[in-house]
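A.B. asks: Make a model of this:
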Amino acid sequence: MNHQTATLERPSDGEVEHDETAALIASDKVEGTSVYNEGGEKLGQIENFMVGKRSGRVEYAVLSFGGVLGLGKNHYPIPWDRLDYSVRLRGYVVDIDKDRLKDAPSYESERPPQFGADYAVGVRSFYGVPY
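C.D. replies: So this is what the prediction gives:
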């Protein structure tokens with residue numbers, strides 16, 4: 001997938017945004033961003049993302065949806081390199097439909113997984129991303 005970059009909007013007083021550039025975005029602006037499938041159907045939103053402690057590389061965006069008042073949400077780690085930013089949708093796009101997403105590796109809020117090597121292989125294999 002080719003990552004598109006959004007056009008940078010500048011504040012009306014002429015100051016430059018400090019939390020976004022054409023190629024970079026602050027983490028707090030990513031969290032809460034909607035995620036869609038290629039048909040434009042909203043799948044959920046990015047709750048957070050997991051960053052390699054040593055590499056500094058974002059490994060997964062954790063997609064969340066479902067639940068009531070934050071309880072019972074399901075969380076789906078999606079390899080970061082499977083997401084593509086859509087300027088038109090103002091959100092990320094992943095090439096998976098909602099029915100297939102239900103079979104993706106996931107966890108409940110109350111039971112986060114150990115993001116170890118075995119878990120990474122399972123997640124990346126599901127999305128067809130080499131490890």
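A.B. asks: Could you measure from the closest residue to L43 other than its chain neighbours over to P77?
C.D. replies: Once flanking residues are discounted, L43 sits nearest to V35: 4.9 Å by C-beta to C-beta, 6 or more residues apart in numbering. Every residue, glycine included, has its C-beta placed from N, CA and C. Using C-beta to C-beta, to the nearest Å, we find V35 at a distance of 12 Å from P77.
A.B. asks: repeat for V94
C.D. replies: Where P77 is concerned, V94 sits at a distance of 12 Å (C-beta to C-beta).
A.B. asks: quick one, which of these two is more surrounded?
C.D. replies: Between V94 and P77, counting by other C-beta atoms under 10 Å, P77 is the more crowded of the two (26 against 22).
A.B. asks: In this structure the more buried one contacts V123, no?
C.D. replies: Yes. At 5.3 Å, P77 counts as touching V123 under the criterion of C-beta atoms under 8 Å.
A.B. asks: hey, what's in contact with both of V35 and P77?
C.D. replies: Shared contacts of V35 and P77 (C-beta atoms under 8 Å, 6 or more residues apart in numbering): 61, 63.
A.B. asks: hmm, back to that, just the element for the residue nearest to L43, please.
C.D. replies: Using DSSP states H and E, the element containing V35 is strand 34-37.
A.B. asks: Run through the neighbouring helices and strands of the helix or strand just after that strand.
C.D. replies: Once the chain leaves strand 34-37, the next helix or strand it forms, by DSSP H and E, is strand 42-51. Judged by 3 or more C-beta pairs under 8 Å, 6 or more residues apart in numbering; DSSP states H and E, strand 42-51 is in contact with helix 27-30, strand 34-37, strand 58-65, strand 74-79, strand 91-94.
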